[in-house]
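In: Structure of the sequence below:
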Amino acid sequence: MKKAIINISLILTAILIYVLQSNFFSWFSIAGIMPNLFVIFILFIGLFGNRTMGTIYGLIIGLLLDLIIGTKIGINSAGLGLIGFLAVAFDKNFSKDSRMTIMVMVIAATGIFEVLSYLLNYIFLSTNIEIINFIKILAIEIIYNIIITIII
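Out: Residues are numbered from 1 along each chain as shown. The predicted structure follows:
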């Protein structure tokens, strides 16, 4: 019963995050860049849950995002699944009691997700490599994610 309540609350939280990200944060975008709340969500599931829970939620939520807004199926799924898997490694090697450590984990998770998404988009969609533009997007998204993490 306890696991069912946890899973239902995580699914409802994912729906709430999707609504927030698609509607509310579109008003507060800087140069068209919004925070990626799903990276923070999957990281927290992996940190405070277990490896399979973080990875499975990452894969499923990423697949749903790919189906709803993605151009290729699997890019968000691979990135969020990897974040869920790596969250357990972060949990074993770092203390999650410190706010500074959690912010460093969010920075690392956002960087890993964005680099992987950029590489997969380059491979599958043959997009152009624009390093300066990518670094700008990455920096703004990391700052956004840190601010959201501080608020949470």
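
In: Check which helix or strand the residue lying closest to residue 96 once chain neighbours are set aside maps to.
Out: Counting by CB to CB, 6 or more residues apart in numbering, residue 47 is the residue found nearest to residue 96 once chain neighbours are left out, at 5.4 Å. Using the backbone N, CA and C atoms, a C-beta is placed for each residue, glycine as well. Element membership of residue 47, judged by DSSP states H and E, is helix 37-48.

In: So which elements touch that helix?
Out: helix 2-19, helix 51-69, helix 75-93, helix 99-125, helix 131-151 (3 or more CB pairs under 8 Å, 6 or more residues apart in numbering; DSSP states H and E).

In: Show the model's pLDDT score for the residue lying closest to residue 85 once chain neighbours are set aside.
Out: Distance criterion CB to CB, 6+ apart; nearest residue to residue 85, sequence neighbours excluded, is residue 55 at 4.7 Å. pLDDT for residue 55: 88.

In: what number of residues lie near residue 55?
Out: Here the number of neighbours of residue 55 (other CB atoms under 10 Å) works out to 23.

In: Do I have it right that it meets residue 46?
Out: Yes - the pair residue 55 / residue 46 is scored as a contact, 7.4 Å apart, by CB atoms under 8 Å.

In: Common neighbours of those two, please.
Out: 84-85 (CB atoms under 8 Å, 6 or more residues apart in numbering).

In: before we move on, the earlier item: which one of the helices and strands packed on helix 37-48 is the most hemmed in?
Out: Ranked by mean neighbour count, the helices and strands packed on helix 37-48 are led by helix 75-93 with a mean of 21 (mean count of other CB atoms under 10 Å).
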